[in-house]
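Novice: Have a look at this prediction, sequence included:
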Amino acid sequence: MSIRTLILSILGSFCLLTALQADHLQIFQTAEIMPTDLQGPFVVADDGAILCLENRQIHRSTDLGKTWESTGALPENMLDREERAILKTASGTILCAFLNDKERTEGEAWGSGSINDWVLPTYVIRSTDSGKSWSEPIHVQNRWCGAIRSMIQHSSGRILLVGQSVADWSHTTIVYYSDDDGLTWKAGPEIALEGKGDHNGAMEGTIIERPDSSLYMLIRTTRGVFYETVSTDRGETWSPTVPSGIENNFCCGTMAKLSDGKYILLWNRQRGISAYNHPEGEPFFMSREELSIAFSDDAQHWSEPLVIAAHPDDGTQVWHHYRVSYPYVCEIAPGQLWITTMQGNLRMAVAEANLLDGVAALERALRSPDRKRILFLGDSTTAHREREGVVTYEEQLGKRMRENRFSVDLVNAGVGGYTTRMAKNAFAKLTAGPDPDFVTIQYGINDSAIDVWADPPQTQPRVSEEEFAENLKWMIAQFQAKSIPVLLMTTSQLRWSEKTLGYYGKPPYDPNDPLSFTNVSLRRYNEVIRQVASEMGVMLLDIFDRWDKIAAEEGEDAVSALLLDDQMHPNTAGQAVVADALYPVLCEKLHFSTDESLPTLKETD
């Protein structure tokens, strides 16, 4: 699992949210619910009407969204997908770009057969009378396009539409342009990034014009950051793509220019790690639970990102339920924004001025000398497990800290499958960002595993006890050199399941001994953790011992009930064992401050 980073900015952006629905979708506190459930994107016509294309129809409102008139805009052989773009040009023409789902064809499997088997064409329709009537669809391209989301008009009058294609089974970005108000279109060069897979390559770009008339585009990647590219010839050529440094957790962003000249960026990211100057690499975290906004005067230097909507994972739904992503924004009147999402059904009306006030308050709070930062290092028992609906101990700690309005950032740097050897090699990446005020370290399950399932079968643990001890000491020493307190935690325990028996039910493990999966090697490695804590003079939180006590006092069934079906990873109740033990320690050692300067969360009925 990629690095889970959840910043619990109690005095920052998270406090500016209020619950929206019973399923815990939350919005910026001063925002309101839009008067429509239409997704958009929206545009305001010259006559003041608000328009959008959805489900083959143009929806038009002349009373700020309270009521809508719907008229057919596409022929029967066309159906627009949810990914769309809309624009009012300088002449007043309305352009809607869409993907025709009725022409969509797919091959048997991504990566096999012919790329030509994959077709999802792009079209544009035009209106020259503020959306009352529409042209026949204009064909832009016939290749596979995963999403259409961004269309702007350059100050020269040229219209630019960001599209996609596929080359060598990797997504590519193509910017189409029109110099005749959307009647005809030409394709710019194909922008590619190395990477295979049905969600790899250069995807879902968003484009704006900077004050110097250059075009700037951010591209979704699988590399932990947006990539960026610039055009100085109105989109006919583009600079080589390079990492932007803007942290991104594997989803698209949306940039827009507002009527006051300010630029905004909406995207899914994770607080607690650097929003900018972020190192390239695999996505640290792929959750889409939070939507952030940042402001800029030049589309080069951005404000602190402010979370404006969230769908926190409470463990009650499947993982993809917790999304608020694929954003659209429309300025329906100067300074009045409608922000919607394709995933998560966000429908939010909010004043730009209030968002700017929120950013200012957040930036003041982040500068507070009393603010604490806690770093959690670990493997998949620490990392976020959104697909299983697990509320991790870090998330449970965060909930308690929010309730007490603690000024703290929690950074979850747990990575599934990691051993201490892997953590040592990736240490710079795991600890990137400001120095923490406190660190917890919990490794051992993967280090101690004897991979009897491998070919050839292994007879020794992945990492020897001696190296395991030295790796822990090395990591502790890095923090001690900076006088950063460290707390070592022993691990949770393992039990047999059908899955683990299939992999590990061979000597030296004994499939007939219910405790063998824990006792053969993991118990010894936890003793090593205790010894290292003593030798290095750091705090120890003995989670393994707590599991022993649960087994002794409540029985083996109670232990199994703390684990997922794989009987390897703690479920939400198992994570609570850690949270309950860790919370008083953190309160005692860090003396959290509170701040009344920002509002608290409010729950609605």
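Specialist: Okay, I see it.

Novice: give me the element residue 95 is part of.
Specialist: strand 94-100 (DSSP states H and E).

Novice: neighbouring contacts of that strand?
Specialist: 43, 45, 51, 53, 58, 73-74, 78-81, 83-89, 120-128, 130-131, 134, 137, 140, 145, 147-148, 151, 159, 161, 182 (CB atoms under 8 Å, 6 or more residues apart in numbering). Every residue, glycine included, has its C-beta placed from N, CA and C.

Novice: Can I get the buried part of the residues you listed as one PyMOL selection?
Specialist: Selection of buried members from the contacts of strand 94-100 for PyMOL, criterion 16 or more other CB atoms under 10 Å:
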select buried, resi 43+45+51+53+58+73+74+78+79+80+81+83+84+85+86+87+88+89+120+121+122+123+124+125+126+127+130+131+134+137+140+145+147+148+151+159+161+182
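
Novice: could you list every residue that touches the residue nearest to residue 35 when sequence neighbours are not counted?
Specialist: Nearest residue to residue 35 in three dimensions, chain neighbours excluded: residue 65, at 4.2 Å (CB to CB, 6 or more residues apart in numbering). Residues near residue 65 by CB under 8 Å, 6+ apart: 34-36, 50, 332, 338.

Novice: With residue 114 instead?
Specialist: residue 107.

Novice: what's the longest helix in the protein?
Specialist: Taking DSSP state H as the criterion, the chain has its longest helix at helix 572-590.

Novice: I'd like to know the average pLDDT value across the strand holding residue 95.
Specialist: Mean per-residue pLDDT for strand 94-100: 97.

Novice: Each with direction, which strands does it pair with?
Specialist: Sheet pairing here is set by DSSP bridges, and for strand 94-100 it gives strand 80-88 (antiparallel), strand 122-127 (antiparallel).

Novice: need the next SSE after the helix or strand encompassing residue 469, C-terminal direction.
Specialist: Assigned by DSSP H and E, residue 469 belongs to helix 465-480. Counting by DSSP H and E, the element after helix 465-480 in chain order, helix or strand, is strand 486-489.

Novice: Now do that following strand: which elements does it pack against?
Specialist: The contact analysis (3 or more CB pairs under 8 Å, 6 or more residues apart in numbering; DSSP states H and E) places strand 486-489 against strand 438-442, helix 465-480, helix 522-536, strand 539-541, helix 572-590.

Novice: Helices along the protein, start to end?
Specialist: Along the chain, the stretches classed as helices by DSSP H are 352-366, 393-403, 420-425, 427-430, 445-448, 465-480, 498-504, 516-519, 522-536, 543-554, 556-560, 572-590.

Novice: most tightly surrounded among those?
Specialist: Mean neighbours per residue, mean count of other CB atoms under 10 Å, is largest over the helices of the chain for helix 445-448, with a mean of 25.

Novice: Now it - C-alpha only, PDB.
Specialist: Listed next in PDB are the C-alpha coordinates belonging to helix 445-448 (Å, rounded to 0.1, in the frame of the first residue of the first chain):
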ATOM      1  CA  ILE A 445       5.800  -8.700  10.800                       C
ATOM      2  CA  ASN A 446       7.300  -8.600   7.400                       C
ATOM      3  CA  ASP A 447      10.900  -8.800   8.700                       C
ATOM      4  CA  SER A 448      10.100 -12.000  10.600                       C
END
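
Novice: Could you pull up the mean pLDDT of stretch 276-296?
Specialist: pLDDT averaged over stretch 276-296 gives 78.

Novice: Ends of that stretch, what's the gap?
Specialist: End-to-end distance for stretch 276-296, by CA to CA, to the nearest Å: 13 Å.

Novice: Tell me the spacing between residue 33 and residue 571.
Specialist: Residue 33 sits 34 Å away from residue 571, taking CB to CB, to the nearest Å as the criterion.

Novice: If you count surrounding residues, which of these two has more?
Specialist: More crowded of residue 33 and residue 571, by other CB atoms under 10 Å: residue 571, with 18 against 13.

Novice: The closest residue to that one other than its chain neighbours: what's it in contact with?
Specialist: Excluding the flanking residues, the one nearest residue 571 by CB to CB, 6+ apart is residue 564, at 5.1 Å. Each residue near residue 564 by CB under 8 Å, 6+ apart is listed here: 388, 390, 570-571.

Novice: quick one: pLDDT of residue 564?
Specialist: You'll see residue 564 listed with a pLDDT of 95.

Novice: how about the strands paired with strand 94-100 in CSV, adding mean pLDDT?
Specialist: Shown next, in CSV, are the strands paired with strand 94-100 (pLDDT from 0 to 100):
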stretch, mean pLDDT
strand 80-88, 96
strand 122-127, 98
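
Novice: To residue 396, which of the helices and strands packed on strand 486-489 lies closest?
Specialist: helix 572-590 (3.9 Å; CB to CB).

Novice: Taking their axis directions, the closest one and helix 393-403 sit at what angle?
Specialist: Using axes from the mean of the first three to the mean of the last three CA atoms, to 10 degrees, the direction of helix 572-590 lies 60 degrees away from that of helix 393-403.

Novice: I would like the residues contacting helix 572-590, please.
Specialist: Residues contacting helix 572-590 (CB under 8 Å, 6+ apart): 315, 372, 374, 389-393, 396-397, 400, 408, 437-438, 440, 485, 487, 489, 492, 539, 541, 543, 546-547, 550, 561-563, 570, 592.

Novice: how much space is there between residue 545 and residue 529?
Specialist: Taking CB to CB, one finds residue 545 at 11 Å from residue 529.

Novice: what do these two both touch?
Specialist: Between them, residue 545 and residue 529 share these contacting residues under CB under 8 Å, 6+ apart: residue 490.

Novice: Please produce JSON lines containing the helices and strands packed on strand 486-489, extended by distance to residue 107 and mean pLDDT.
Specialist: Converted to JSON lines, the helices and strands packed on strand 486-489 look like this (distance: least, CB to CB, whole Å; pLDDT from 0 to 100):
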{"stretch": "strand 438-442", "distance to residue 107": "44", "mean pLDDT": "98"}
{"stretch": "helix 465-480", "distance to residue 107": "46", "mean pLDDT": "98"}
{"stretch": "helix 522-536", "distance to residue 107": "45", "mean pLDDT": "98"}
{"stretch": "strand 539-541", "distance to residue 107": "52", "mean pLDDT": "97"}
{"stretch": "helix 572-590", "distance to residue 107": "40", "mean pLDDT": "94"}
